[in-house]
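Novice: How does the following fold in three dimensions:
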Amino acid sequence: MADVKPVGCGSIDLYESLDFCDGKTVLPGIRPKVFFQKKSNIVTWPKLPDLEAAKSMAALATYVGNFVLAADKKWLTLKSLSTKSNVTSEPQGEKPSRTTLNKCTLKHSGTEEDASGFCRQATADDLVYLVQQRNGKFRVIGCEEFETDTKPTQALGEGVTGEAGTTIEIEATDLCPAPFYPGKIEAEDGDISGADGSAWADPSA
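Specialist: The predicted model follows:
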C-alpha cells in the first residue's frame with residue numbers, strides 16, 4: 001500500500017543528474033586568505049532557500065542575500081597555509097533531525113602575541129569563517145542557528161627541523177555542507193565578491 005502524505009505536505013523533489021566531465025581537474029585545498037568575524041557583529045545574515053522555494057540542487061546549497069556587518073566592522077583576515085588547511089563535511093544525528101557537521105582546519109604560521117591572543121578569544125567566542133576554494137568561490141563555516149566551536153592549539157617546534165605554528169580546528173553545525181556565499185564581503189582592503197573574489201559590483205546597480 002502506497003504511503004499517504006499528510007495534508008499540506010507537498011512533493012519536495014529537486015534532484016537533477018549529477019554529472020562530471022571526464023578530464024576536468026578539481027583543484028584541492030583552499031586559498032590562504034580566510035575571513036572571519038564575531039557573529040555578534042553580524043546585523044543581517046543571508047538565507048539558504050527553503051526546500052519548497054529552491055529552483056535547483058545548486059540553489060539548495062547557496063546563500064541568497066548579503067552578510068551585513070555593524071557600521072564600524074569589516075571582515076578580518078587570517079593567513080593560513082593552504083597546503084595544510086582543509087574543509088570537510090559529514091552528517092550527524094538521526095532522521096528527521098539530521099544536520100551537517102562542517103569542520104575546518106586552518107594552519108597559521110605565527111605563534112607570537114597576536115596569534116596567542118586570537119587563540120584566547122576564539123576559544124570562548126562564537127565566530128563565522130569565509131574560506132575560498134581554489135576556483136575563487138567562498139564557503140561559509142558557521143551558522144546563524146548553531147554555535148561555532150573554535151579550538152586552537154599551538155606548537156613551538158622541536159629541535160632544528162620541528163614545525164612551529166598555530167592550528168585552528170573549527171566545528172560548525174549547519175543545515176548544509178559549508179554553504180556557498182556569492183554575496184558581498186566587506187573586507188578591510190575593499191569589498192569583494194564571494195562568487196569569485198573579484199572586486200564587488202552591485203548587481204542591482
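
Novice: most centrally placed residue in this protein?
Specialist: Closest to where the C-alpha atoms of the chain average out (C-alpha atoms, centre = their mean) is Val140, at 1.9 Å.

Novice: That one reaches Ala178, doesn't it?
Specialist: Yes - between Val140 and Ala178 there is a contact at 6.4 Å, judged by C-beta atoms under 8 Å. For the C-beta atoms, the positions are set from N, CA and C on the backbone; glycine is no exception.

Novice: which residues are contacting the helix ranked longest in the chain?
Specialist: Scanning the chain for the helix with the most residues, using DSSP state H, yields helix 113-124. Defining contact as C-beta atoms under 8 Å, 6 or more residues apart in numbering, one finds that helix 113-124 is touched by 78, 108, 150-152, 154, 166, 168.

Novice: next one: stretch 176-185
Specialist: 35, 46, 48, 60-63, 65-67, 75, 87, 89, 100, 102, 104, 130-131, 137-141, 191-195, 200.

Novice: need the next SSE after the helix or strand bottoming out on mean pLDDT in the chain, C-terminal direction.
Specialist: Lowest by mean pLDDT, DSSP states H and E among the helices and strands of the chain is helix 57-60, with a mean of 93. Of the helices and strands lying after helix 57-60 in sequence (DSSP states H and E), the nearest is strand 68-69.

Novice: Check which residues of the helix or strand following that next one are buried.
Specialist: Next helix or strand after strand 68-69 toward the C-terminus (DSSP H and E): strand 76-79. For strand 76-79, burial by neighbour count (16 or more other C-beta atoms under 10 Å) applies to Leu78.

Novice: Equivalent analysis for stretch 55-73, please.
Specialist: By neighbour count with 16+ other C-beta under 10 Å, stretch 55-73 contains the buried residues 60-63, 66-67, 69.

Novice: Same check on stretch 87-106?
Specialist: Those would be 87, 89, 100-104, 106, for stretch 87-106 by 16+ other C-beta under 10 Å.

Novice: Give me the distance between the two termini of that stretch.
Specialist: Terminal residues of stretch 87-106 lie 9 Å apart, using C-alpha to C-alpha, to the nearest Å.

Novice: same check, this time on stretch 56-64
Specialist: Stretch 56-64 end-to-end distance (C-alpha to C-alpha) = 13 Å.

Novice: Number of residues surrounding the residue lying closest to Ser193 once chain neighbours are set aside?
Specialist: Distances taken as C-beta to C-beta, 6 or more residues apart in numbering put Trp200 closest to Ser193, at 5.1 Å, once the chain neighbours are dropped. A count of nearby residues for Trp200, using other C-beta atoms under 10 Å, gives 18.

Novice: And Trp200, how far from Cys143?
Specialist: Separation of Trp200 from Cys143 (C-beta to C-beta, to the nearest Å): 23 Å.

Novice: which ones are touching Asn135?
Specialist: Residues counted as contacts of Asn135 (C-beta under 8 Å, 6+ apart) are 27, 196.

Novice: which SS state does it fall under?
Specialist: Under DSSP: H, G, I helix; E, B strand; the rest coil, the three-state class of Asn135 is coil.
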